[in-house]
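Enquirer: give me a model of this one.
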Amino acid sequence: MKKYIALAIILSIFCNLNLPLHAKTIKKSFSKKTVKKVQPQQKPAGYTVPVAKAEAFKDVKTYLPAIYYRADLTDKYYDVNMSYMKKQINSSADQERLLFPFFIGETLISYGVRYSNKPDRVFYYNSKGNLLRIEIDNNNPQIYPKRTITYNNKGNLHTVVLYISEKEQYNFDGKGNLIVHWIGERGFNRMGQPLKIRRSL
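Expert: Numbers count the residues shown, from 1 in each chain. Below is the predicted model:
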């Protein structure tokens, strides 16, 4: 917990800067002998909100053409998927799909489906099998930073999430406004101030 508090303080100090924390530190605090090389597939810590936003929205289209989701406006395999979820069967039994059900108590509210022939997409449906949104990601848990782009059922950009690491992420709405910056279980606003929300990891 102390580590997260310290990190939050550092982030709040540098949130008003347009320069990433690592760039400022290397210029003023380290000699050439002490600068460490960054490992491949990683980015230095210390993203500001503007830097995170720029990376999150790089080459992101605000509209997804209907050709990408027209055939999935309703769940073609609704009966099969319902049966699998009731029996709690997932991809171990059927390599063609991965299911993500959401319940309130015993009631199914919505569910997501990732098919093997479209591994970079998750289609989310309501309990009646009508499309709610489409989530597009690189589906590679080993590479950071990475992002998830979500469009609604009309193809409009809904949210963009930039994952800095397994425990840190920036969530933006479709217009680029920060919803929440997660560091571990704590959420922060665009000024780096802690919010009264928590999440379970």
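Enquirer: for residue 194, name its beta-bridge partners.
Expert: For residue 194, the beta-bridge partners under DSSP bridges are residue 188.
Enquirer: residue 161 sits in which helix or strand?
Expert: Per DSSP states H and E, residue 161 falls inside strand 157-163.
Enquirer: no no, residue 84
Expert: For residue 84, the host element (DSSP H and E) is helix 78-86.
Enquirer: so residue 130 is in contact with residue 78, correct?
Expert: No: assessed by CB atoms under 8 Å, residue 130 is found out of contact with residue 78, at 9.6 Å. C-beta here means a position set from N, CA and C on the backbone, and glycine is covered the same way.
Enquirer: quick one, strands of this structure?
Expert: 97-104, 107-115, 121-126, 131-137, 146-152, 157-163, 168-173, 178-183, 186-188, 194-198 (DSSP state E).
Enquirer: check which helices and strands the strand holding residue 161 is in contact with.
Expert: Applying 3 or more CB pairs under 8 Å, 6 or more residues apart in numbering; DSSP states H and E, one finds that strand 157-163 makes contact with helix 49-56, strand 146-152, strand 168-173.
Enquirer: partner strands of the second one, parallel or antiparallel?
Expert: According to DSSP bridges, the neighbouring strands of strand 146-152, each with its direction, are strand 131-137 (antiparallel), strand 157-163 (antiparallel).
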